[in-house]
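> following is a predicted model, sequence given first.
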Amino acid sequence: MTSTEHRAASVPTRGTVTKAVIPAAGLGTRFLPATKATPKEMLPVVDKPAIQYVVEEATRAGLRDVLMVTGRNKAALEDHFDRHWELEKALEAKGDQLRLARVRKSSDLGNIHYVRQGEPLGLGHAVLCAADHVGNHPFAVLLGDDLIDNRDHLLEAMIEVREAMGGSVIALMEVPPESVQLYGCAAVEPGWQENGDGSVLRVTGLVEKPDPADAPSNLAVIGRYILDPSIFEILAKTPPGRGNEIQLTDALQQCASSTEPGGGVHGVIFRGRRYDTGDRLDYLKAVVRLAVDHRELGSDFSSWLTGFVAEKDASALDSATS
Ligand code: G1P
């Protein structure tokens with residue numbers, strides 16, 4: 001089926017996207033011991049916890065109803081997005097308007113709700129935990145390990161595709177073939193690079209973390225999804241897959257081949273700035289990249305960084321020649 005036929009088969013229904021779901025129940029074991037008593041979503045990226053970037057992205061796209069799927073030891077998340085009266089009073093008394101605004105911002109972002117996952121059964125299961133809150137409407141899922149630069153408007157573009165095409169929409173990024181094993185990987189309609197601007201395409205299949213030799217493409221699924229609510233029924237029947245976890249990718253694989261209302265998957269190719277905070281090295285890179293662009297700190301930090309790198313290069317040269 002072509003994209004045009006697919007559009008006719010799945011006329012967008014069930015209203016527009018207003019809700020965002022953010023899975024945040026993971027144990028953060030890659031960051032131990034930092035995450036022993038602090039949720040990994042609360043690790044600072046420059047001057048804000050990582051999760052705040054994600055909530056800001058959702059609300060910027062008009063999704064002010066945010067559901068976080070949490071677990072044990074995640075109370076700090078609820079505190080962060082709640083008012084902090086004592087702190088606000090103290091800052092007010094000092095006349096520190098700047099910091100007061102920073103503190104208030106996180107509690108003014110939207111209507112944030114929480115549900116617990118209970119058991120760590122995988123990303124697909126975390127999304128299924130959102131079923132009662134989401135109801136029968138399309139919704140966004142944002143994974144906290146991926147930060148999208150606020151100058152890039154990926155989520156807005158994905159919402160537009162959902163409104164035009166119906167079904168579900170995933171975000172794809174071209175990665176080196178050997179890296180595809182770290183991601184969900186998409187099979188797409190042939191010839192997409194030659195058709196139009198190649199930024200929206202029909203997804204024909206999906207596989208979670210394939211061996212590079214078996215991967216259908218080098219298009220990796222990144223952590224932004226617009227899902228049709230029919231995904232819940234599919235997730236409820238999806239058996240554990242890779243890592244013995246219920247995989248969202250496996251449920252989407254079924255949607256990709258479905259001609260039922262709400263079926264079909266489109267991909268939006270993202271060529272913007274994505275910062276991965278999923279492991280220690282990527283996290284450090286994300287902090288540096290965002291610090292260099294920071295409105296207040298960027299210029300001082302960049303000059304320091306340039307000097308630091310030059311110093312390191314000089315001492316490496318010294319030790320090589322001595
Ligand atoms: C999850 C998804 C995977 C996706 C990735 C994006 O994997 O299962 O399909 O490509 O997020 O970051 P995780 O990184 O949680 O293992």
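In hand now; what should we look at? Keep in mind it's a predicted model, so treat the numbers as computed, not measured.
> ok, the closest residue to the ligand within the chain - contacts?
Per C-beta to the nearest ligand atom, G184 is where the chain lies closest to the ligand, at 2.7 Å. Where C-beta positions appear, they are placed from N, C-alpha and C, glycine not excepted. Contacts of G184 were listed using C-beta atoms under 8 Å, 6 or more residues apart in numbering, and they are 170, 206-209, 220-221, 247-249, 252.
> now it. Nearest residue, chain neighbours left out?
Nearest non-adjacent residue to G184, counting by C-beta to C-beta, 6 or more residues apart in numbering: V221, 3.5 Å away.
> now do the SS call for the one you found.
Taken by DSSP: H, G, I helix; E, B strand; the rest coil, the conformation at V221 corresponds to strand.
> hey, what's it bridged with?
Using DSSP bridges, the bridge partners assigned to V221 are L172.
> can you point out the buried residues in the lengthiest helix in the chain?
Longest helix in the chain by number of residues (criterion: DSSP state H): helix 298-321. Neighbour-count burial for helix 298-321, counted by 16 or more other C-beta atoms under 10 Å, picks out F301.
> residues in contact with it: which ones?
Taking C-beta under 8 Å, 6+ apart as the rule, helix 298-321 contacts 288, 291-292, 294.
> dump those to a markdown table, plus pLDDT and distance to the ligand.
Shown next, in a markdown table, are the contacts of helix 298-321 (pLDDT from 0 to 100; distance: C-beta to the nearest ligand atom, whole Å):
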| residue | pLDDT | distance to the ligand |
| --- | --- | --- |
| V288 | 97 | 20 |
| A291 | 97 | 22 |
| V292 | 97 | 23 |
| H294 | 95 | 24 |
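> farthest pair in the residues you listed?
The span of these, defined through C-beta to C-beta, is set by V288 and H294 at 10.6 Å.
> how about the residues of this protein by the ligand?
123, 143, 145-146, 183-184, 208, 220-223, 247, 249, 278 (C-beta under 6 Å from any ligand atom).
> just to revisit the earlier point, mark which of the contacts of G184 are part of strands, please.
Residues of these located in strands (DSSP state E): 170, 206-208, 220-221.
> as CSV, those residues with pLDDT and neighbour count would be great.
Below are the ones in strands among the contacts of G184 laid out as CSV (pLDDT from 0 to 100; neighbours: other C-beta atoms under 10 Å):
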residue, pLDDT, neighbour count
I170, 98, 28
L206, 97, 28
V207, 97, 23
E208, 97, 22
A220, 97, 22
V221, 98, 25
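> for A24, state which of the residues you listed is nearest.
Of all those, A24 sits closest to V221, with 18.7 Å by C-beta to C-beta.
> was I right about the closest one contacting I170?
Yes - counting by C-beta atoms under 8 Å, I170 is a contact partner of V221 at 5.5 Å.
> shared neighbours, those two?
184, 186, 206.
> what about the spatially closest residue to the last one that is not a sequence neighbour, how many neighbours?
In space, and not counting its chain neighbours, L206 is closest to Q253: 4.3 Å by C-beta to C-beta, 6+ apart. Per other C-beta atoms under 10 Å, the neighbour tally for Q253 reads 24.
> same thing with E92?
11.
> can you pull the pLDDT of D313?
The model reports D313 with a pLDDT of 89.
> what's near enough to touch V134?
19, 21, 67, 229, 232.
> which element, helix or strand, includes the second one?
To tie it back to what came earlier, the one meant is V21. strand 19-23 (DSSP states H and E).
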